[in-house]
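**Student:** here is a sequence with its predicted model. Questions after.
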Amino acid sequence: MIALYRRFVPPYRWTVLLIMGLLMLQALAQLYLPELNAEIINLGVVTGDIDVIISLGLEMLAVSLLYGLVAVVGVYFSARTAMAIGRDVRAAMFTSIQSFSLQEVNDFGAPSLITRNTNDVQQVQMMTIMAMTIMITAPMMLVGGVFMAIRQDPALSMLLVLIIPVMAVVLGGLMSRAIPLFRAMQYKIDEVNRVLREQLTGIRVIRAFVRTGYEQQRFATANADLTDTTLRVNRLMAVMLPALLLIMNVSSVAVVWFGGQRIANGEMPVGNLLAFLTYLTQILFSVMMAVMVLAMVPRAAAASDRIMEVLDTTSPIADPDQPSRPAQSSGVVAFDRVSFGYPGAQEPVLQDVSFTARPGQTTAIVGSTGSGKTTLVNLIPRLYDVTDGAVQVDGVDVRRWTRADLWRSIGFIPQQAFLFSGSVADNLRLGAPQATDQELWRALDIAQGADFVRAAPGGLEMAIDQGGANVSGGQRQRLSIARAVARRPRIYVFDDSFSALDYATDAALRAALATTTRDDTVIVVAQRVSTVMHADQIIVLDRGRVVGSGRHRELLQSCPTYAQIVASQMQPEEIG
């Protein structure tokens, strides 16, 4: 937590100093009020001096008004500062996550990253508010209260020597059991989020395989685990408050008992006893409030540690210190003896892959499931970095490009088409903010999506739900392709982006793309041979290695793997 505060509090140091000054003034006013009350009783009420009562009463009223005003202003600035720090932490986390490669995202997990940027930040915000109010005020009130209590009656103050250690022992015992539980709660919240996210994302699979009951039981287990931990924490907190109140009330009885005897013996004025009782209450209340805040520290500390894990994670895929750019942008993509393996994997996914995709040509990547096709194209926009060898765009290693420049030159259509909430136009302008409606319609015509968009209410302003949930799989793919076409990049990468299209739409789309991309580099990953059999170059992968390269007819004769793939999908008369 200290590391987090060191990083985000300095911009607000003057505000924090102002808050500390206001809280100090608030504590002084609060400590001065019982002193004034004692003087009113001793000098005014006991002697019957109305002038003293009025004079000291007005002074007490002024101090009370000052106390109230300072308290309101202090809480206002504390809340604003805490919210500003929370805003900065969320923004820093979002920026950090945006720089992650797919590897870091998978390592943390999407549910955990969401929890860290919401629940964990909220815990830090609440702790910050408490730290800038109660945690600053409580020590002042404790020290000031002890000092003022001793001023009222040193002998009676000896009770504090017994009361404070008893309270410390009780609170220490409870906190030692609560701290591990608070830490465990954050991780169990992660588990509930993970299970819930899986169930919502895979709801169709769950229903298709009649696993609703099993998933309900799985969620119930995670939910019960979190509930059990939370109840154990709340039980400890439920014991803490009555224990503190019991100590406070017993202490007050002891003070009245011994104080009454000292008053009867003429050793202590009545007003001083009342002031001492008030100071005792302030001391014990400040300790109680400090402990209540300290109960939040373990959870906030665990949350801040999880936040710092994200902020301290540096992705190996970053912009170079001295980036390079090609002399001219033509769109040539070259794989030079590329190998790649996922961290912790026993074998590399790709081994010694070499080929060149040129402008004006369509390069197809085919192979059996698990042969590394998607991994191969993910290396082009640096979603991952090669383990060995190099991927070059226009003669420059992609690791020497700035990522923004590299991404601008690529139109990437992923295997799972994803649309954002908004309108059709919003989604198509994602990579081309300045595109006109005419250019958007042109992109939709090429992607064979203009007909259903025209038929929809609103046309380009047709609403799209998050993830494109209100359109079919084929419509999502066509809109994703149109989004890339509207950008007009030099390199098009289609990662099995035609799988949800019927054969007629597939053929029409490929014909339209051939005209649009005749001067660009097109790389197509496909499962259907009919989609790529007319490509200028077909790369055949098998277990991460290139086992064939050439045109359709050449590979039928020279590459058994390709011939086997073709034979499994097409009739002899269709092979050509």
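**Tutor:** Now that the structure is in, tell me what you want to look at.
**Student:** can you mark which positions in the helix or strand containing residue 146 are buried?
**Tutor:** In the assignment (DSSP states H and E), residue 146 maps to helix 134-152. Neighbour-count burial for helix 134-152 flags 134-138, 140-142, 144-146, 148-150, 152 (criterion: 16 or more other C-beta atoms under 10 Å). Heads up, the C-betas are built off the backbone N, CA and C, glycines and all.
**Student:** quick one, the helix or strand following that helix and helix 134-152 angle?
**Tutor:** Sequence-wise, the next helix or strand downstream of helix 134-152 (DSSP H and E) is helix 159-201. Counting by axes from the mean of the first three to the mean of the last three C-alpha atoms, to 10 degrees, helix 159-201 lies at 170 degrees to helix 134-152.
**Student:** helix 159-201 - contacts with which helices or strands?
**Tutor:** helix 110-115, helix 212-264, helix 270-294, helix 297-312 (3 or more C-beta pairs under 8 Å, 6 or more residues apart in numbering; DSSP states H and E).
**Student:** out of those, the one nearest residue 21 is which?
**Tutor:** helix 270-294 (18.7 Å; C-beta to C-beta).
**Student:** what helices or strands is the closest one leaning on?
**Tutor:** helix 13-39, helix 121-131, helix 134-152, helix 159-201, helix 212-264.
**Student:** just the mean pLDDT for the shortest one, thanks.
**Tutor:** Looking back up the chat, that one is helix 121-131. Mean pLDDT, helix 121-131: 88.
**Student:** counting neighbours, what do you get for residue 246?
**Tutor:** Residue 246 sits with 11 neighbouring residues when counted by other C-beta atoms under 10 Å.
**Student:** and for residue 344?
**Tutor:** Quick note: residue 344 (other C-beta under 10 Å) scores 5 neighbours.
**Student:** and it, how far from residue 151?
**Tutor:** 67 Å (C-beta to C-beta, to the nearest Å).
**Student:** cool, residue 307 as well?
**Tutor:** Applying C-beta to C-beta, the value for residue 307 to residue 151 is 45 Å.
**Student:** what of residue 454?
**Tutor:** From residue 454 to residue 151 the distance is 86 Å (C-beta to C-beta).
**Student:** residue 506: which of the buried residues of helix 134-152 is nearest?
**Tutor:** residue 135 (64.9 Å).
**Student:** could you pull up the residues touching the closest one?
**Tutor:** Listed by C-beta atoms under 8 Å, 6 or more residues apart in numbering, the contact set of residue 135 reads 290, 293.
**Student:** got a list of what the residue most central in space within the chain touches?
**Tutor:** Residue closest to the average C-alpha location in the chain (C-alpha atoms, centre = their mean): residue 117, at 2.7 Å. Counting by C-beta under 8 Å, 6+ apart, residue 117 touches 90, 93-94, 97.
**Student:** follow-up on the earlier one: output the helices and strands packed on helix 270-294 in a markdown table, with distance to residue 554 appended to each entry.
**Tutor:** Converted to a markdown table, the helices and strands packed on helix 270-294 look like this (distance: least, C-beta to C-beta, whole Å):
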| stretch | distance to residue 554 |
| --- | --- |
| helix 13-39 | 71 |
| helix 121-131 | 58 |
| helix 134-152 | 76 |
| helix 159-201 | 42 |
| helix 212-264 | 50 |
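**Student:** I'd like to know which of those helices lies nearest to residue 415.
**Tutor:** Per C-beta to C-beta, nearest to residue 415 of the helices and strands packed on helix 270-294: helix 159-201, 15.7 Å.
**Student:** just the mean pLDDT for that closest one, thanks.
**Tutor:** Rounded mean pLDDT across helix 159-201 is 79.
**Student:** what residues does the very next helix or strand once past that helix touch?
**Tutor:** Following helix 159-201 in sequence order, the next helix or strand is helix 203-208 (DSSP H and E). By C-beta under 8 Å, 6+ apart, the list of residues contacting helix 203-208 from outside reads 199, 211-212, 215.
**Student:** would you mind giving me the ChimeraX syntax to select the buried ones in the residues you listed?
**Tutor:** Filtering the contacts of helix 203-208 down to the buried ones (16+ other C-beta under 10 Å) takes a single ChimeraX command:
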select :199,215
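**Student:** closest one to residue 353 out of the contacts of helix 203-208, please.
**Tutor:** residue 199 (38.1 Å).
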